[in-house]
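Participant: Need coordinates for the below:
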Amino acid sequence: MAGLTCAAPFWRREQLVTCPRKRDYESYLCSLLLPAESRSSAFALRAFNVELAQVKDSVSEKTIGLMRMQFWKKAVEDIYCDKPPHQPVAIELWKAVKRHNLTKRWLMKIIDEREKNLDDKAYRNIQELENYAENTQSSLLYLTLEILGIKNLHADHAASHIGKAQGIVTVLRATPYHGSRRKVFLPMDICMLHGVSQEDFLRRNQNKNMRDVIYDIASQAHLHIKHARSFHKSVPVKAFPAFLHTVSLEDYLKKIQQVDFDIFHPSLQQKNTLLPLSLYIQSWRKRY
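Facilitator: All right, here's what the predicted structure looks like:
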């Protein structure tokens, strides 16, 4: 059956946790710091996102990818009719929907945006990348807020900016990997502004123009985090655990600044072993 990426036929709930832990480690760590009663639903949401995110890299033909996306569209429709398919992630997602009355629109937006992204094209401009991030990462944060029982306009605004920052940083972090597959997804308008071609990234050129491109893109992510934090006093403290992704985002942005925006520097590919501690401290300090 399409979509059966993360689970064995005889599965246990722990397997639902294993999927995000292996494929989306930072989100897994953030989910652990949510209130106990919210964690299983958050893991279901993240496992659902991992299923969709893996489609692009795991299929050889776009047609197969579209079939996978169609499976999930129907699965979500069936979940809201109380008829979830016999698929581990779908069943846990159904439980989360029932428990927290999650908004169907956000789930569908994530699928639709991932489906459009199967085309393997570079983003035409930074706004296109931000729209993609809004419909995927920000939608996940809106759903996480619902899991926490939060309905607050300021929290939604913060979630929107954090999701956009997350989408931008994800594209930056994946640039070396995509380059190894002869693909570049960085916004074309910023590349053109600095006279940089896709071939420059494929050849891993180290000139100033390349670094200027990365600086501009990273600066946009930093700006979104700054905007998200400007709502700090207006956002309910109960929402802060949903926004802990800012810790890992800021960590990456600091590291890329330290290597003078060399996107291919080996240090950027190293896992931050202190991240769990940093997340815990930020959670304890009631900050994001």
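Participant: When you work out contacts or count neighbours from here on, use the C-alpha atoms and nothing else.
Facilitator: Will do.
Participant: sec struct for Trp72, please.
Facilitator: Following DSSP: H, G, I helix; E, B strand; the rest coil, Trp72 is assigned to helix.
Participant: Read off the pLDDT value for it.
Facilitator: Trp72 carries a pLDDT score of 97 in this model.
Participant: my guess is it contacts Asp112, does it?
Facilitator: No: applying C-alpha atoms under 8 Å, one finds Trp72 not in contact with Asp112, separated by 10.0 Å.
Participant: Pick out whichever of those two has more residues nearby.
Facilitator: Per other C-alpha atoms under 10 Å, whichever of Trp72 and Asp112 has more neighbours is Trp72, with 22 against 16.
Participant: Report the separation between that one and Val55.
Facilitator: 11 Å (C-alpha to C-alpha, to the nearest Å).
Participant: Please apply the same query to Asp189.
Facilitator: For Asp189, the distance to Val55 - C-alpha to C-alpha - is 27 Å.
Participant: go on, Gln87?
Facilitator: For Gln87, the distance to Val55 - C-alpha to C-alpha - is 16 Å.
Participant: Using CSV, write out every CA atom in stretch 157-172.
Facilitator: The C-alpha coordinates for stretch 157-172 follow below in CSV (Å, rounded to 0.1, in the frame of the first residue of the first chain):
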residue,chain,number,x,y,z
HIS,A,157,1.6,35.2,13.5
ALA,A,158,4.6,33.8,15.3
ALA,A,159,4.0,30.3,13.9
SER,A,160,3.8,31.8,10.4
HIS,A,161,7.2,33.5,10.7
ILE,A,162,8.9,30.5,12.4
GLY,A,163,7.5,28.2,9.7
LYS,A,164,8.9,30.4,7.0
ALA,A,165,12.3,30.5,8.7
GLN,A,166,12.3,26.8,9.0
GLY,A,167,11.5,26.3,5.3
ILE,A,168,14.3,28.7,4.3
VAL,A,169,16.9,27.0,6.6
THR,A,170,15.8,23.5,5.4
VAL,A,171,16.6,24.5,1.8
LEU,A,172,19.9,26.0,2.8
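Participant: now this structure, which segments are flagged as low pLDDT?
Facilitator: Scanning the chain for pLDDT under 70 picks out 1-22.
Participant: Mind jotting down where the helices sit in it?
Facilitator: With DSSP state H as the criterion, the chain has helices at 13-23, 25-32, 36-58, 62-79, 88-100, 104-116, 126-133, 139-147, 153-180, 188-193, 198-202, 208-229, 245-258, 275-284.
Participant: what's in contact with stretch 64-74?
Facilitator: 2-3, 52, 55-56, 59, 108, 111, 115, 118 (C-alpha atoms under 8 Å, 6 or more residues apart in numbering).
Participant: Can you flag the buried ones in those residues?
Facilitator: When these are checked for burial by 16 or more other C-alpha atoms under 10 Å, the buried set is 3, 52, 55-56, 108, 111, 115, 118.
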